[in-house]
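J.: Sequence and predicted structure below; questions after.
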Amino acid sequence: MNHFLDIHKTDTDQLRAMIDGARRMKAARGDRPRGAPDDQQPLAGRMVALIFEKPSTRTRVSFDLGVRQMGGQTMVLSGKEMQLGHGETIADTARVLSRYVDLIMIRTFEEATLLEMAEHATVPVINGLTNRTHPCQIMADVMTYEEHRGPIAGRKVVWCGDGNNVCASFLHAAGQFGFDFTFAGPPTLDPEGDFILYARDKGSRVHIERDPVAAVQGADLVVTDTWVSMHDPQSARERRHNQLRAYQVNEALMAQAKADALFMHCLPAHRDDEVTSAVMDGPHSVVFDEAENRLHAQKAVMRWCLGL
């Protein structure tokens with residue numbers, strides 16, 4: 001069963017094959033209209049369940065469109081429409097959905113929900129996001145970096161801000177793809193130690209640097225993410241802003257990285273909080289290429305899951 005649950009749970013060769021496949025599918029589309037089907041229809045006759053306990057723009061649109069481009073159909077389900085973990089156990093929901101659909105993507109809060117779904121499903125399950133990790137995003141990010149600058153192995157990636165779920169998956173990717181990773185942020189928001197140990201055990205150099213200017217010296221890629229979650233109360237938002245203000249990615253900070261360094265943000269961005277508009281719209285930024293590549297990377301993930 002080819003579940004795609006986290007980057008560190010999939011072999012490096014298979015991850016590389018997915019990214020190579022994503023690039024081929026993107027190139028094959030050429031100049032055709034955005035919603036036009038692919039020449040190949042590997043998901044013809046297949047049904048994919050897209051479950052959203054957390055709301056979404058990019059994840060929902062990119063998965064839905066990707067399935068349709070490959071000839072499949074989607075069933076989009078929200079947490080309000082299901083009895084996921086409430087009136088019915090997650091295990092039973094997984095068993096029932098497996099009788100109806102060929103593939104399940106779930107975007108949820110707790111990692112335990114994802115793992116229980118995968119344990120009991122008899123069809124592949126994809127992690128569309130949990131509070132701990134966001135592997136599909138990082139597949140798109142690696143693809144985007146390599147489109148612009150070639151192999152990411154041996155490069156220096158710097159994360160500025162909160163050691164959140166996207167940061168966690170970047171650490172997994174550092175171990176799998178062989179790049180170095182520097183975290184720049186306050187100690188209260190450090191990434192989990194297990195994520196750091198994983199990357200180091202795989203041979204990546206991982207550094208924790210409190211000074212953002214020192215952190216970005218020699219960086220090939222600078223990455224940030226929103227400082228607050230949509231579910232954070234106002235008091236938490238203010239506290240995080242106070243902790244993270246020094247780690248804003250602005251033109252002065254980007255000037256300390258390599259001259260050809262790239263900037264990424266998984267979006268949505270709170271412009272002029274974690275990143276200035278000058279950087280978002282500037283010459284280093286590839287955020288919209290990154291957003292587009294969610295579509296192509298996830299199509300490759302789905303094909304891998306289904307053995308196509």
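T.: Done, it's in.
J.: lowest-confidence helix or strand of the chain?
T.: Across the helices and strands of the chain, mean confidence by mean pLDDT, DSSP states H and E is lowest for helix 234-244: a mean of 81.
J.: Name the residues that touch that helix?
T.: 161, 162, 185, 186, 188, 189, 227, 228, 232, 273, 274 (CB atoms under 8 Å, 6 or more residues apart in numbering). Bear in mind the C-beta positions are built from the backbone N, C-alpha and C, glycine included.
J.: which residues does the fourth one contact?
T.: By CB under 8 Å, 6+ apart, the contact set of residue 186 is 210, 243, 244, 247.
J.: could you pull out the strands for the protein?
T.: Per DSSP state E, the chain carries strands over the ranges 47-52, 73-78, 103-107, 125-129, 156-160, 180-184, 206-208, 221-224, 262-265.
J.: Show me where the chain has its helices.
T.: Applying DSSP state H to the chain gives helices spanning 12-29, 58-69, 90-100, 111-120, 135-149, 165-177, 193-201, 212-215, 234-244, 251-254, 277-280, 287-305.
J.: Could you identify which of these is most buried?
T.: Ranked by mean neighbour count under mean count of other CB atoms under 10 Å, the helices of the chain are led by helix 165-177, which reaches a mean of 25.
J.: and that one, what does it pack onto?
T.: helix 12-29, helix 135-149, strand 156-160, strand 180-184, helix 193-201 (3 or more CB pairs under 8 Å, 6 or more residues apart in numbering; DSSP states H and E).
J.: rewinding a little: do you know which of the strands of the chain lies nearest residue 174?
T.: Proximity to residue 174, assessed across these by CB to CB, is greatest for strand 180-184 (4.3 Å).
J.: And for that closest one, what's in contact with it?
T.: So strand 180-184 is contacted by 154-161, 163, 167, 170-171, 174, 190-191, 196, 199, 204-212, 215-216, 219, 247 (CB under 8 Å, 6+ apart).
J.: Next up, the contacts around residue 88.
T.: So residue 88 contacts nothing (CB under 8 Å, 6+ apart).
J.: give me that answer again for 10 Å
T.: The contact partners of residue 88, taken as CB atoms under 10 Å, 6 or more residues apart in numbering, are 82, 95, 96.
J.: tell me which of these is nearest to residue 54?
T.: Proximity of the contacts of residue 88 to residue 54 (CB to CB) peaks at residue 82, which lies at 13.3 Å.
J.: just to revisit the earlier point, identify, from the contacts of residue 186, the entry nearest to residue 55.
T.: For the contacts of residue 186, the closest approach to residue 55 (CB to CB) belongs to residue 244, at 23.2 Å.
J.: With residue 159 as the reference, measure out to that closest one.
T.: If you measure residue 244 against residue 159 using CB to CB, to the nearest Å, the figure is 12 Å.
J.: anything in contact with each of those two?
T.: Common neighbours of residue 244 and residue 159 (CB under 10 Å, 6+ apart) are 185, 224.
J.: got any ranges where the stretch 151-300 of the chain has weak pLDDT?
T.: Along the stretch 151-300 of the chain, segments meeting pLDDT under 70 span 230-235.
J.: now do the same end-to-end measure for stretch 265-285.
T.: Criterion CA to CA, to the nearest Å; first-to-last residue distance in stretch 265-285 is 9 Å.
J.: what's residue 257 in contact with, if anything?
T.: 156, 158, 215-222, 249, 263, 284.
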